[in-house]
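Chemist: Okay, sequence plus prediction incoming.
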Amino acid sequence: MTHHPTAPRGPLDRVDRYRDTLPRRIGRAEDFGALTLFVREDGGRPLHARPTRGWRGRPVTAADVAAVRARQRELGVPESFEWVHESAPGLRPAVEEAGLPVTPCPLLILPEEAPTPPLADLIPPGVQVVTLAPDAPWLPSAVATAYLSFAHLGTQVGDVGPADLPEAQTRHAPETALMARRIREGSTTLVAAVEDGVAVSSGLLPGVVDGITEICAVATLPAARRRGLALAVTAALIHEARTREAHTIFLGATDPQVARVYTRLGFRLTATALET
């Protein structure tokens, strides 16, 4: 495996280790030589395939990708691959040759020496930023907000707002129950920005592995965007991560415009995350 010449090898190697270890906590790994497929076993959203960590065999090929895709179809899960380009530069050509489109996303890492953002200065008036307990009344809306937000990607203010939450909460009740279980078990930390009794922005830590964690699924209802809510949620997640003794904190942004928002908290663009 090679690394980007301008990217710090240490942090990227820790990101790679995290992305290999965390899926094994919630699923099983199937060996495809240069590739590893993770299969979920806890009832959550399907997992993905990625480069086999530490692989020193022949370069990955389109045939390898096709073999994993065939297994994913057999299992009835999405033909999904996720990896960091700088850690496995040979995978993108193989995936594209196999016929899958690839989406690049900025990957940012918070330097260990970066200060923890002052959360109180970032919370808009009338908003409460809360780390949710499994029985928190805002948990259903926090989960629903994430799904509504990712169904309407972007940073522009939109029409989807709190009035759309009740139907989404009903639709995503199974996901809310799974989230409550993970919070209860201590494997997930969920933070929400609450306004007028509902969560209008949320984000999570899926777990800390050897002092490494990822900030995931930071999302804001379209009608509540451009108010700094995602920034406040992310700042709270940084605090939670460091409380849990995480020294390496990273995240993937959906696009360069979103990535620039996170640099305001000290994150640095380090690499490119790729996914299908």
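Modeler: Cool, the structure landed.

Chemist: all contacts plus neighbour counts: C-alpha atoms, from now on.
Modeler: OK.

Chemist: where do the strands sit along the stretch 101-250 of the chain?
Modeler: All strands of the stretch 101-250 of the chain, identified by DSSP state E, counting those that start in this stretch, fall at 103-110, 128-131, 189-195, 198-205, 208-209, 212-220, 248-252.

Chemist: For residue 26, which of the ones you listed is the nearest?
Modeler: strand 208-209 (13.2 Å; C-alpha to C-alpha).

Chemist: Pairing partners for the closest one, with directions?
Modeler: strand 212-220 (antiparallel) (DSSP bridges).

Chemist: could I have the partner strand exported to PDB, CA atoms only?
Modeler: The C-alpha trace of strand 212-220 is given here as PDB (Å, rounded to 0.1, in the frame of the first residue of the first chain):
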ATOM      1  CA  ILE A 212      -9.200   6.700  16.900                       C
ATOM      2  CA  THR A 213     -12.800   7.800  15.900                       C
ATOM      3  CA  GLU A 214     -14.800   9.100  13.100                       C
ATOM      4  CA  ILE A 215     -17.400  11.900  13.200                       C
ATOM      5  CA  CYS A 216     -20.300  10.600  11.000                       C
ATOM      6  CA  ALA A 217     -23.700  11.400   9.700                       C
ATOM      7  CA  VAL A 218     -23.700  15.100  10.600                       C
ATOM      8  CA  ALA A 219     -26.900  16.300   9.100                       C
ATOM      9  CA  THR A 220     -29.300  19.300   9.300                       C
END
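
Chemist: Need the mean per-residue confidence for that strand.
Modeler: Strand 212-220 shows an average pLDDT of 97 in the prediction.

Chemist: Residues touching that strand, excluding its own?
Modeler: With contact meaning C-alpha atoms under 8 Å, 6 or more residues apart in numbering, strand 212-220 is reached by 14-15, 18, 145-146, 149-150, 200-208, 229-230, 233-234, 237-238, 241, 246-252.

Chemist: out of the strands of the stretch 101-250 of the chain, deepest packed?
Modeler: strand 198-205 (a mean of 27; mean count of other C-alpha atoms under 10 Å).

Chemist: mind listing what that strand pairs with, with the direction of each?
Modeler: Each strand paired with strand 198-205, and its direction, by DSSP bridges: strand 189-195 (antiparallel), strand 212-220 (antiparallel).

Chemist: The last one to strand 103-110, inter-axis angle?
Modeler: Calculated by axes from the mean of the first three to the mean of the last three C-alpha atoms, to 10 degrees, strand 212-220 forms an angle of 120 degrees with strand 103-110.

Chemist: Now for the most far-flung residue of the chain relative to its centre: which residues touch it?
Modeler: Most distant residue from the mean C-alpha position of the chain: residue 58, 29.9 Å away (C-alpha atoms, centre = their mean). Contact analysis of residue 58 by C-alpha under 8 Å, 6+ apart lists residue 34.

Chemist: what pLDDT does it get?
Modeler: 94.

Chemist: Mind putting the strands paired with strand 198-205 into TSV with distance to residue 53?
Modeler: As requested, these are exported to TSV (distance: least, C-alpha to C-alpha, whole Å):
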stretch	distance to residue 53
strand 189-195	26
strand 212-220	16
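
Chemist: can you tell me which of the ones you listed comes nearest to residue 113?
Modeler: Closest of these to residue 113 is strand 212-220, at 14.6 Å (criterion: C-alpha to C-alpha).
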